[in-house]
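In: Kindly return the folded structure for what I paste below:
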Amino acid sequence: MYLRSRELGFRKLLGQLFQRSEVRLLRVIFALLASGSITRGAFSVTLEWDPSTDTNVIGYILYHGAVGGTAINQLETGSQTSATATNLFEGTTNFFFVVAYDAQLVPSVSSDVVVTGFAGIYLPPTVSAISNQVTGMNTSTDPISFTINDAHFPAGQLAVVATSSNPELVPEANMVLGGSDSNRTVTVTPAFGQFGSTTITLIVDDGIAIGGTSFQLTVNHARPSALLYRPFDAQSGVFDSGMATFGDPNAAGGQFVVTTSDWFGEVTFDLDIPFFSSCVVWCRVRSLDSTNRSFIVSADGVREDFFDLAPGDQSNGWQWSVVNGRGGFPQPLGGSAINPRVFPFGPGHHRITFQGYQPNMGIDQILVTNDPDYIPAGIVSTIRLTVPPDQTIDELTALVLANTATDSDLSAYPLTYSLAPSAPAGATIDPVTGVFRWTPTEAQGPGTARIVVGVTDNGSPPLSATSSFDVVVREVNTPPALTVPPDLTIDELSTLVVANTATDSDLPQNTLTFSLVTAPAGMTINTNTGVLVWRPTEAQGPSTNLITLQVTDNALPPMSDLRSFTIIVKEVNSRPDIAPVPPQMIRPGSLLTITNAASDPDQPPNKLTFTLGPNAPAGAAIDPSTGVFTWKPSAGQANRTNTITVVVTDDGSPSLSNSTAFSVIVAQLSPIALTSLSVTPEHEFRLRATGDPGISYSLQASTNFVSWISLSNIEAPGASFELLDTNAAAFPFRFYRVVAEP
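Out: You can find the predicted model right below:
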């Protein structure tokens with residue numbers, strides 16, 4: 001039965017109003033009373049209309065509904081110019097109009113509206129009564145049950161909404177509807193920190209008529225664990241030219257503030273709340289001519305409320321009244337009831353403003369309290385608290401400030417100073433003298449701390465005052481702290497890895513960079529980690545080296561730390577180096593000479609001595625100083641491969657050696673060949689032969705081929721040589737041979 005979006009989706013085209021197809025002469029032809037129960041859709045109406053003269057029209061829609069209802073029904077007729085609306089209810093007045101549309105689904109201007117009524121009584125939907133409810137502050141109600149019914153429609157089709165007369169206490173979003181069909185529920189959640197009362201209204205709508213019921217919800221306040229009472233004299237506020245001060249012996253301090261004209265003038269009071277508090281605001285006021293809308297009051301610039309004198313009190317004398325709100329929590333005051341506005345103040349600074357609404361309205365005092373049961377009477381003593389102006393200090397610097405307070409009560413109750421729980425860690429105040437002390441830590445700078453000072457007397461109730469000041473804590477860059485190792489001793493040519501560390505006490509920590517200030521050649525440091533690496537060369541040992549490191553932060557200005565330590569490099573004897581010798585080949589009798597090259601890497605170099613290793617061939621020699629190796633292989637050493645080891649030794653401590661080995665191949669002896677022989681006139685026998693130069697050859701003689709004697713020896717000066725027997729004449733005959741000496 002409710003208006004729905006048609007599947008055809010009518011569109012409005014700005015350039016095509018389609019007014020030419022306006023439908024005229026909508027007429028009710030007849031109304032038919034249907035048989036059956038008259039409590040449900042008993043009437044039908046047939047309507048007809050003149051066709052549109054616009055050739056673009058392709059169809060019509062009949063709209064109708066009950067006057068005063070929320071539902072609009074539609075009936076699409078195609079190209080027909082008549083339609084019958086059924087299920088119309090008795091006791092209702094209905095409206096009808098027709099709209100034409102073209103092929104682009106553009107609707108025309110609607111036809112004239114016709115209205116017709118039906119006899120009888122229409123029964124609206126009903127809602128069961130709900131008793132008044134009570135809940136606690138910050139506490140949801142249980143689901144509250146109720147039933148809905150309708151004589152014409154199923155209960156499941158009915159729409160239900162809930163409203164609150166005091167949306168400050170119960171916002172409409174905090175009312176949750178549940179259930180189905182006839183059995184429904186509503187769950188109500190008060191706004192946080194609010195108490196008081198509100199009227200909850202449930203409305204059920206069937207599209208034609210509505211029904212409803214209301215109940216009162218009272219939200220009881222909780223007794224605060226800590227009470228506060230903040231009185232102010234009106235003249236202590238900040239007010240503009242629309243407000244003026246006047247003297248009155250019956251006012252606090254003999255003065256009060258009064259409005260001077262309509263809708264003009266403001267007086268503002270600043271207060272600091274140490275903890276979350278649901279507060280009410282009392283005002284000691286006087287009205288010379290009216291109790292109606294004396295002031296407009298707002299807190300923190302949010303929502304303004306009219307503030308009046310207590311209902312029914314037309315006295316021109318001073319009286320205490322509470323700031324009113326919509327709804328409210330009834331409290332007795334001189335036989336009347338009041339509805340206080342509840343201000344859920346969070347911890348911190350707040351501002352209450354009174355704006356003049358009518359002239360000649362006087363304000364003497366205001367009092368802010370979270371005690372909903374307290375009602376002030378007469379002049380309330382006030383405490384004047386003086387705190388220091390805003391401060392700026394460096395972190396890690398002690399701050400000592402004096403706070404002072406006076407009590408207007410002549411009985412001079414003792415005063416106790418305190419800090420709000422929001423005070424920064426480490427801040428203290430002397431409860432008797434009011435002296436404030438704080439040394440901001442590194443973690444507390446930079447930043448701004450709001451210091452809320454409270455002072456309380458020991459009266460009943462204990463009245464108090466609060467005020468605040470800001471302390472701006474400046475960041476102070478402190479130098480980083482560098483840690484280096486103790487003095488170290490290492491060997492030359494060994495690698496040293498040292499982990500240096502640094503810390504920065506600033507918060508947040510600065511970025512630290514390591515660097516070398518004084519260091520030997522070859523030393524490096526990782527600028528990010530501080531890891532130092534060094535491998536002393538041979539030339540750097542022995543030595544004593546002073547290492548100075550620096551770490552620097554990236555603050556402005558940057559700060560650094562320098563630290564030093566010593567590294568002693570010990571001399572370490574290194575083996576001498578000896579050059580390799582390639583393989584050698586030589587003929588027997590030839591002299592082999594090799595100059596061995598060796599060096600000592602130590603600085604200064606050690607003295608080197610050359611020797612031959614074991615199993616050196618006979619006759620081989622080496623100069624211990626120069627390393628010159630000599631060897632002349634004999635005939636007996638021919639046709640062999642010899643391994644020669646040369647050892648070089650330094651005179652370091654301890655002494656170290658190195659060696660090299662090379663091979664020497666000695667070739668075979670050349671065959672001995674007799675080339676000539678002769679006898680000299682002196683009867684000397686001469687024999688010439690060929691062999692290997694440098695080899696010793698012996699001329700031997702025998703008379704029997706058994707016993708041989710050596711006659712002479714010669715070291716062949718060349719490939720050809722001559723041997724001599726000077727005693728050949730002494731023998732009738734002799735046999736000769738030439739032999740190579742081993």
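In: which phi and psi does the residue nearest the centre of the chain have?
Out: Centroid-nearest residue in the chain, with CA atoms, centre = their mean: residue 508, separated by 13.0 Å. Dihedral angles of residue 508 (phi, psi; degrees, to the nearest 10) stand at phi -70, psi 160.
In: per-residue confidence at it?
Out: For residue 508, the pLDDT comes out at 86.
In: Distance check, it against residue 438.
Out: 21 Å (CB to CB, to the nearest Å). C-betas here are computed from N, CA, C, even on glycine.
In: Next: residue 137.
Out: The gap separating residue 137 from residue 438 is 36 Å, by CB to CB.
In: Ok, residue 223 next?
Out: In terms of CB to CB, residue 223 sits 34 Å off from residue 438.
In: before we move on, what about residue 244?
Out: Counting by CB to CB, the gap from residue 244 to residue 438 is 41 Å.
In: Between these two, which is the more surrounded one?
Out: residue 438 (25 against 12; other CB atoms under 10 Å).
In: So what does the nearest residue to the more buried one once chain neighbours are set aside have for phi and psi?
Out: The shortest distance from residue 438 to any non-neighbouring residue, by CB to CB, 6 or more residues apart in numbering, is to residue 427 (4.0 Å). Torsion angles at residue 427 (phi, psi; degrees, to the nearest 10) stand at phi -80, psi 140.
In: What residues does residue 427 make contact with?
Out: 419, 436, 437, 438, 449, 451 (CB atoms under 8 Å, 6 or more residues apart in numbering).
In: switch the cut-off to 10 Å
Out: Taking CB atoms under 10 Å, 6 or more residues apart in numbering as the criterion, residue 427 is in contact with 399, 419, 436, 437, 438, 439, 440, 444, 449, 451, 471.
In: Those residues in strands, which ones?
Out: 399, 419, 436, 437, 438, 449, 451, 471 (DSSP state E).
In: contacting residues around the first one?
Out: Contact partners of residue 399, counting by CB under 10 Å, 6+ apart, are 388, 391-393, 427, 436-440, 451, 471, 473.
In: just to revisit the earlier point, how much space between the residue nearest to residue 438 and residue 434?
Out: Computed as CB to CB, the residue 427 to residue 434 distance reads 13 Å.
In: same deal with residue 510?
Out: Residue 510 is 38 Å from residue 434, by CB to CB.
In: do the same with residue 121
Out: For residue 121, the distance to residue 434 - CB to CB - is 77 Å.
In: Quick one: end-to-end length of stretch 549-569, please.
Out: 19 Å (CA to CA, to the nearest Å).
In: Same check on stretch 165-179?
Out: 23 Å.
In: on that earlier part again, higher neighbour count, residue 121 and residue 434?
Out: residue 434 (21 against 11).
In: Just to check, that one is in contact with residue 387?
Out: Yes: using CB atoms under 10 Å, residue 434 is in contact with residue 387, at 9.0 Å.
In: any residues in contact with both of those two?
Out: Residues touching both residue 434 and residue 387 (CB under 10 Å, 6+ apart): 401, 402, 403, 404, 405, 453, 455.
In: Any chance of JSON lines for those, columns distance to residue 259?
Out: Formatted as JSON lines, those follow (distance: CB to CB, whole Å):
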{"residue": "401", "distance to residue 259": "38"}
{"residue": "402", "distance to residue 259": "38"}
{"residue": "403", "distance to residue 259": "34"}
{"residue": "404", "distance to residue 259": "33"}
{"residue": "405", "distance to residue 259": "30"}
{"residue": "453", "distance to residue 259": "32"}
{"residue": "455", "distance to residue 259": "31"}
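In: Just put the contacts of residue 399 in JSON lines and tack on distance to residue 165.
Out: Formatted as JSON lines, these follow (distance: CB to CB, whole Å):
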{"residue": "388", "distance to residue 165": "47"}
{"residue": "391", "distance to residue 165": "48"}
{"residue": "392", "distance to residue 165": "50"}
{"residue": "393", "distance to residue 165": "52"}
{"residue": "427", "distance to residue 165": "46"}
{"residue": "436", "distance to residue 165": "47"}
{"residue": "437", "distance to residue 165": "52"}
{"residue": "438", "distance to residue 165": "49"}
{"residue": "439", "distance to residue 165": "54"}
{"residue": "440", "distance to residue 165": "50"}
{"residue": "451", "distance to residue 165": "42"}
{"residue": "471", "distance to residue 165": "46"}
{"residue": "473", "distance to residue 165": "49"}
